[in-house]
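[1] Provide a 3D model corresponding to the input given below.
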Amino acid sequence: MTAASRPVCPACGSEQNVVKASKVYVAGITRADQRSPEDRQLLTAVYGKEPLSAEEVHQVSQQFGPPSGRSQIARPVHPDLAAGVFSLAALGFLINTFWTARAVFWIILALWLASLAAYAAARRAIVGRYRAQERLAVEDRQAVEVSVSRWMQVYYCGDDGCVFIPEHGDSVPLRQLQQYLLRPPDQG
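    The predicted structure is shown next:
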């Protein structure tokens, strides 16, 4: 990138040490033996040295990395599906008990019917929580998509240690990058 095509930092008014934050991130997480001379020069300018230690690579990832959503361990299962699978398993157990221990069959049948009645009574609240989780996951995914598109527009000023989106006319310290990206678009 030529100096003429770099945006001007809103904090210092200079374009001298301005570089895309995503470029610093990619240069930092690239394996040391595969870095281009330009990437090596960039990392030296930002961190004062190159190659970076594993801890410094992690720091690059934390400082300049794109936003990520909440980590989700497993996708939630619809409660009706879980109740259906439970009922099928219970039905198989009931049939086996009917043929082998009829005295216990009636107790197990009563427990199964009681569990179905309890689920039916609580179903609205259970399904409501499930749908709220699904909505939250969709909103989180959408927020991350917006944040990543904003991240692609962010520049870093090495003189001030700040990040900014040129069109917004404001800047924040590098440590506040993630909060800056998560701001609603109308807040710049």
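[2] so what does the helix ranked longest in the chain touch, helix or strand wise?
    Using DSSP state H to define each element, the chain has its longest helix at helix 102-151. In terms of contacts (3 or more C-beta pairs under 8 Å, 6 or more residues apart in numbering; DSSP states H and E), helix 102-151 is packed against helix 79-100, helix 177-182. The C-beta positions use only the backbone N, C-alpha and C, and glycine is treated the same way.
[3] Tell me which of those helices sits nearest to Arg129.
    helix 79-100 (8.4 Å; C-beta to C-beta).
[4] from the middle of its chain, how far away would that closest one be?
    38 Å (C-alpha atoms, centre = their mean, to the nearest Å).
[5] Can you give the contact residues for it?
    Applying C-beta atoms under 8 Å, 6 or more residues apart in numbering, the contact partners of helix 79-100 are 104-105, 108-109, 112, 115-116, 119, 123, 126-127, 130.
[6] just the CA coordinates of that helix, formatted as PDB?
    Only the C-alpha atoms of helix 79-100 are listed here, as PDB (Å, rounded to 0.1, in the frame of the first residue of the first chain):
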ATOM      1  CA  PRO A  79     -37.700 -30.500  23.500                       C
ATOM      2  CA  ASP A  80     -40.500 -32.300  21.600                       C
ATOM      3  CA  LEU A  81     -37.900 -34.400  19.900                       C
ATOM      4  CA  ALA A  82     -36.200 -35.200  23.200                       C
ATOM      5  CA  ALA A  83     -39.600 -36.100  24.700                       C
ATOM      6  CA  GLY A  84     -40.400 -38.300  21.700                       C
ATOM      7  CA  VAL A  85     -37.100 -40.200  21.900                       C
ATOM      8  CA  PHE A  86     -37.600 -40.700  25.600                       C
ATOM      9  CA  SER A  87     -41.100 -42.000  25.100                       C
ATOM     10  CA  LEU A  88     -40.000 -44.500  22.400                       C
ATOM     11  CA  ALA A  89     -37.300 -45.800  24.800                       C
ATOM     12  CA  ALA A  90     -39.800 -45.900  27.700                       C
ATOM     13  CA  LEU A  91     -42.300 -47.800  25.400                       C
ATOM     14  CA  GLY A  92     -39.600 -50.400  24.600                       C
ATOM     15  CA  PHE A  93     -38.800 -50.700  28.300                       C
ATOM     16  CA  LEU A  94     -42.600 -51.000  29.100                       C
ATOM     17  CA  ILE A  95     -43.100 -53.800  26.600                       C
ATOM     18  CA  ASN A  96     -40.200 -55.700  27.900                       C
ATOM     19  CA  THR A  97     -41.400 -55.200  31.500                       C
ATOM     20  CA  PHE A  98     -44.900 -56.300  30.600                       C
ATOM     21  CA  TRP A  99     -43.700 -59.700  29.400                       C
ATOM     22  CA  THR A 100     -41.100 -60.200  32.200                       C
END
